[in-house]
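Trainee: have a look at this fold, sequence not included:
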Ligand code: ATP
């Protein structure tokens with residue numbers, strides 16, 4: 001498939017190259033033709049005594065100057081076209097995503113989150129991914145989000161952070177809709193570990209510091225709390241170790257643990273972690289559990305999406321989703337009792353075991 005695409009691209013490239021070369025030759029031909037004609041006409045006028053030889057040479061020089069820009073335009077026509085295409089693309093993009101309201105710059109959120117009939121939609125899909133999700137997450141608690149694959153957990157995480165493009169209903173941080181916050185002000189109060197981690201090309205320190213002005217003490221503090229400080233020091237360049245494109249120089253578990261440190265950087269009030277233990281071994285998972293307990297101790301609200309039942313014990317509340325709807329929401333014990341007893345027995349793999357059942 002790649003070969004076919006590439007051949008098509010090369011054929012088009014070669015055609016456009018030939019056309020450009022032809023246009024350039026034509027431009028040159030016209031330029032020389034004009035010069036020759038003007039020189040010929042000048043010579044004829046000189047012979048007839050109607051023009052001096054000096055004026056003939058001067059007009060010829062002027063003529064070549066006048067046609068020069070035309071030639072340059074033909075030579076750089078490809079650039080002109082690509083500039084126009086880029087401009088139209090940008091214009092189209094800016095129309096689709098207009099400038100956001102700069103929002104309010106208020107005091108730091110306390111960590112209380114309220115969802116009111118939240119729905120999340122996506123273009124090209126008839127049914128909403130999330131519908132009618134209502135819940136209150138008290139500040140300083142750990143809320144587990146459980147549900148089978150495709151039930152809308154990651155979408156809920158993004159909607160909670162105000163980064164899902166199309167939502168209805170409300171996500172309120174202390175009674176202020178998330179969309180009304182100034183994103184630059186709100187960012188430092190949020191910690192997010194996406195399901196596929198998404199590290200960027202740069203050093204470990206830069207990634208943990210979210211590519212802002214690095215604060216070494218805070219970077220080390222976040223890594224210590226995520227339990228990765230020793231692991232980072234074992235890398236050849238420590239905190240200055242490059243992670244490669246998308247974190248490709250690190251293993252899946254290492255990426256996830258660095259991602260957790262990035263989420264914990266500067267002690268955010270709201271932590272949203274999307275399957276933070278998916279690639280962790282027992283040591284990594286214990287460190288993560290400790291980091292979450294520590295974050296709760298400091299007053300952060302932790303929203304923890306997971307398929308692993310080992311971490312259910314640290315949750316204060318559980319929200320169970322199925323097909324984008326809340327099937328259960330309440331304290332851990334209430335919800336776990338309502339869920340299938342086999343989930344607690346642990347006979348099944350966690351993903352299936354934690355799937356909420358009709359109570
Ligand atoms: P998992 O446990 O497998 O990570 P999840 O519960 O996190 O699943 P989501 O990733 O939120 O599930 O997806 C919920 C549903 O929304 C799925 O059916 C998915 O196909 C759909 N979906 C998610 N993102 C998009 C998108 N960008 N465009 C279209 N459909 C999407």
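Mentor: Received the coordinates, thanks. Predicted model only: the values in this text are computed from it and were never measured. Numbers count the residues shown, from 1 in each chain.

Trainee: any idea how far the residue lying closest to residue 201 once chain neighbours are set aside is from the ligand?
Mentor: Excluding its sequence neighbours, the residue lying closest to residue 201 (Cβ to Cβ, 6 or more residues apart in numbering) is residue 245, at 4.9 Å. To be clear about C-beta, it is placed using only N, CA and C from the backbone, and glycine gets the same treatment. For residue 245, the distance to the ligand (Cβ to the nearest ligand atom, to the nearest Å) stands at 23 Å.

Trainee: count the neighbours of residue 245 for me.
Mentor: Neighbour count of residue 245, defined by other Cβ atoms under 10 Å: 11.

Trainee: same deal with residue 153?
Mentor: So residue 153, with other Cβ under 10 Å, has 24 neighbours.

Trainee: pretty sure it contacts residue 133?
Mentor: No: between residue 153 and residue 133 there is no contact under Cβ atoms under 8 Å: 11.1 Å.

Trainee: pLDDT weak spots in the stretch 251-359 of the chain?
Mentor: Low-confidence regions of the stretch 251-359 of the chain, defined by pLDDT under 70, span residues 340-359.

Trainee: what ranges does it have for its strands?
Mentor: For the stretch 251-359 of the chain, applying DSSP state E, counting those that start in this stretch gives strands covering 270-274, 301-305, 317-322, 325-331.

Trainee: now those as a markdown table including distance to the ligand and mean neighbour count?
Mentor: A markdown table is the format used below for the strands of the stretch 251-359 of the chain (distance: least, Cβ to the nearest ligand atom, whole Å; neighbours: other Cβ atoms under 10 Å):
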| stretch | distance to the ligand | mean neighbour count |
| --- | --- | --- |
| strand 270-274 | 7 | 25 |
| strand 301-305 | 7 | 25 |
| strand 317-322 | 7 | 23 |
| strand 325-331 | 12 | 18 |
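
Trainee: before we move on, what SS does the residue in the stretch 1-150 of the chain positioned nearest to the ligand have?
Mentor: The stretch 1-150 of the chain approaches the ligand most closely through residue 149 (3.4 Å), counting by Cβ to the nearest ligand atom. Of the three states, residue 149 takes coil under DSSP: H, G, I helix; E, B strand; the rest coil.

Trainee: and if you look at residue 119?
Mentor: Quick answer, by three-state DSSP: residue 119 is strand.

Trainee: distance to residue 3 added to the strands of the stretch 251-359 of the chain, as CSV?
Mentor: Formatted as CSV, the strands of the stretch 251-359 of the chain follow (distance: least, Cβ to Cβ, whole Å):
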stretch, distance to residue 3
strand 270-274, 37
strand 301-305, 41
strand 317-322, 43
strand 325-331, 46
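
Trainee: quick one: residues contacting the closest residue in space to residue 43 that isn't next to it in sequence.
Mentor: Leaving out its chain neighbours, the residue that sits closest to residue 43 by Cβ to Cβ, 6+ apart is residue 56, at 6.6 Å. Contact analysis of residue 56 by Cβ atoms under 8 Å, 6 or more residues apart in numbering lists 39, 42, 43, 45, 46.

Trainee: mind doing that once more with 10 Å?
Mentor: Neighbour list for residue 56: 38, 39, 41, 42, 43, 44, 45, 46 [criterion: Cβ atoms under 10 Å, 6 or more residues apart in numbering].

Trainee: give me the secondary structure label for the second one.
Mentor: Using three-state DSSP as the criterion, the local structure at residue 39 reads helix.

Trainee: can you give me the neighbour number for it?
Mentor: 16.
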